[in-house]
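> Please find the sequence and the predicted model below.
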Protein chains: 2
Amino acid sequence: MNVAPEPIRWRGGTLELLDQTQLPHVVCYERIASADAVHAAIRQLKVRGAPAIGIAAAYGVVIEMAKLRTTSRTEFMTRLADICAHIAAARPTAVNLAWAVSRVRRAAEQSNAATVADLIAAITHEAEAIHAEDRAICRAIGAAGRPLITPDCGVLTHCNAGALAVSELGTATAPLYLAHGDGVPFRVYADETRPLLQGARLTAWELGSAGIDVTLICDNAAPRLMAEGLIDLVIVGTDRVAANGDVVNKIGTSGVAIVAHHFGIPFYVACPSSTFDPNTPSGAEVVIEERDGAEVTHFAAAHVAAEGIKVRNPAFDVTPHALVSGFITDVGLITPPYDLARAFHSRS
Amino acid sequence: MNVAPEPIRWRGGTLELLDQTQLPHVVCYERIASADAVHAAIRQLKVRGAPAIGIAAAYGVVIEMAKLRTTSRTEFMTRLADICAHIAAARPTAVNLAWAVSRVRRAAEQSNAATVADLIAAITHEAEAIHAEDRAICRAIGAAGRPLITPDCGVLTHCNAGALAVSELGTATAPLYLAHGDGVPFRVYADETRPLLQGARLTAWELGSAGIDVTLICDNAAPRLMAEGLIDLVIVGTDRVAANGDVVNKIGTSGVAIVAHHFGIPFYVACPSSTFDPNTPSGAEVVIEERDGAEVTHFAAAHVAAEGIKVRNPAFDVTPHALVSGFITDVGLITPPYDLARAFHSRS
């Protein structure tokens, strides 16, 4: 049986990362044997997606520390701090990356281990715990959304909130993988997701690899397919959910939500409860990253737009909470009226 | 002063076509000296857009017929029929192409010309009339839409309904060129328009060439820019308007209309009154062309999606008339409630 691809393999102390820069044409796992190698893999986007980056980084710390030949706890701690700082610097704005290496470091600091071997065991345990927790969160999201995937339904998704971005199953894709495992027949439509085409390169590939019936479309075609009656629900991921339920996600998400609303099609957001940010009152307070215009003017190697043309290239947009039918989370399906602070804090 | 680029130049009996396949990187007019050359230019999409194809074809007939060395009206007519058939076959589904060459042929057939030289004059006159009529239609559309372009407004457009597709000024772009000529300051946002990127390659280039303030965006970014308050109105072109006012246009248009409606932004469709099709009751009766999936899976030379992936690639969609704020036409601005049959037939 086909299953979701694993972005990170950890077997008996060896780490392998699926090189996502070569997808979908080459499926190649790269053996990672040093902190430098994991730093490079993160920097070069061979591993991507906040949870996956954090997991890879945690294992990277373990791999490098396991090489240390010392019996001094002090020397171990000094080296650990250096390695954590080095790996965390690979993508300075990735919150999960800093969080994961801090967790590994703290596990050593707070350990009562008598020997360096025991310290290695403690950080290995912590890295494996981070990985296992992420798997459990994805499984819980999948279970919460699984009932939405009914026989012969059509599901639209945007960007890649898939297995490739996390440990396994993904967030938006988790209900799909579980339903597929249960033998439910359904169709998925993957928006290609300009400008960086995560839908074309990653989502369509990973769902197809798992044997799910997936069709790639241009972002522009989604309204047409909805008009044709092919889409029964939308599931997307999110980078941040504001306190009022506004959803920050890949550019184009708000358009999908508005169009789905127009056609009366439910629009769901799948995410770990940790994505909820009680300190951001609404989407209006979120500063949207503006990325390089070359992502729009150029496509792979081809230069498609006129020289010197002005470009706007916001990376994310805000989907108003009023357009969200429900949040599919590791603490269950949360539907309107939203009281996210209570929903997340009382249950997690 | 910068002006809109001319796709077709006809000066003293010589024909030059702007090679649109090289845009926006190379601006090159190709001298067209034979029916074969115009056939090839149409087939290779060097000239594109229904009206522009028709005009180029009409001139192509004239260019080839002018070479004929005969004094026999019968021989002239036989040769004319052959050349018209040859040029019309360049793109068999292009209605304007067949229509334009038929008009030229009929002009000869219905002419009382005594000599072949007079017949040449008659078909030259007809080709020039087709060209002049198209210019007049675009000017009338421009005049009808001109009041919509107010100082400092932001206008979104989708695909290329620009000067490059017609004789000059374009349809959706005609109000913009006229307002720019009047010195009105305004901003235009051009959707890149996947899959074939007419917005990135053509619209952004032609407006920029004319000195208009134009910004290229991914189709996905339009809802975000509307949310930012940057868009005051939308103007698009159309391939066909059904009797009830439903609009068939480039894939993605209906999404733009739905999103504009959500934000309370007026959505206008600019078109010649000849685009109205009283024989199509509504958009539901229109068969939407499904194009090659490679347009989605590949981008220029780069293969971006997984091998063998399923693709949907509808070329057009239907925008329900309820989402159209008005039709900007050569017979004026037509606003709801729509009685298009009366509007077009009583005034044209």
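Yes, it's here.
> For A:Arg31, pull up the helix or strand it's in.
When elements are assigned from DSSP states H and E, A:Arg31 belongs to strand A:29-32.
> And the next helix or strand past that strand?
helix A:35-43.
> That next one - contacts with which helices or strands?
strand A:14-18, strand A:29-32, helix A:50-65, helix A:73-88 (3 or more Cβ pairs under 8 Å, 6 or more residues apart in numbering or on different chains; DSSP states H and E). Where you see a C-beta, it was placed from the backbone N, CA and C, and this is true even at glycine.
> Swap in 7 Å and give it another go.
strand A:29-32, helix A:50-65, helix A:73-88 (3 or more Cβ pairs under 7 Å, 6 or more residues apart in numbering or on different chains; DSSP states H and E).
> And for that helix, what's in contact with it?
A:17, A:30, A:32, A:47, A:53, A:56-57, A:60, A:64, A:83, A:86-87, A:90-91, A:97 (Cβ atoms under 7 Å, 6 or more residues apart in numbering or on different chains).
> now do 8 Å
A:15, A:17, A:19, A:30, A:32, A:46-47, A:53, A:56-57, A:59-61, A:63-64, A:83, A:86-87, A:89-91, A:94, A:97 (Cβ atoms under 8 Å, 6 or more residues apart in numbering or on different chains).
> any idea of the angle it forms with helix A:73-88?
Helix A:35-43 and helix A:73-88 are oriented at 30 degrees to each other (axes from the mean of the first three to the mean of the last three Cα atoms, to 10 degrees).
> buried stuff in helix A:35-43?
Under the neighbour-count criterion of 16 or more other Cβ atoms under 10 Å in any protein chain shown, helix A:35-43 has A:35, A:37-39, A:41-42 buried.
> And these, which is closest to chain B?
A:Ala41 (21.8 Å; Cβ to the nearest Cβ).
> For A:Leu333, give me phi and psi.
When read as degrees, to the nearest 10, the backbone of A:Leu333 gives phi -90, psi 120.
> neighbours around A:Ala322, how many?
Using other Cβ atoms under 10 Å in any protein chain shown, A:Ala322 has 12 neighbouring residues.
> So which residues on the stretch 151-300 of chain A come close to chain B?
Residues of the stretch 151-300 of chain A lying close to chain B (Cβ under 8 Å from any Cβ of the partner chain) are A:189, A:192-195, A:197, A:200-201, A:204-205, A:208, A:213-225, A:227, A:250-252, A:254-255, A:258-259, A:261-262, A:288, A:293, A:296-297, A:299-300.
> of these, buried ones?
Taking 16+ other Cβ under 10 Å as the criterion, what is buried in these is A:189, A:192-195, A:197, A:200-201, A:204-205, A:208, A:214-225, A:227, A:250-252, A:254-255, A:258-259, A:261-262, A:288, A:293, A:296-297, A:299.
> Which of those residues fall in strands?
Among those, the ones falling in strands (DSSP state E) are A:189, A:214-217, A:250, A:299.
> now A:Thr329: how far from A:Val248?
Counting by Cβ to Cβ, to the nearest Å, the separation of A:Thr329 from A:Val248 is 16 Å.
> So between these two, which is more surrounded?
Neighbour totals were compared for A:Thr329 and A:Val248, and A:Thr329 leads with 28 against 22 (other Cβ under 10 Å).
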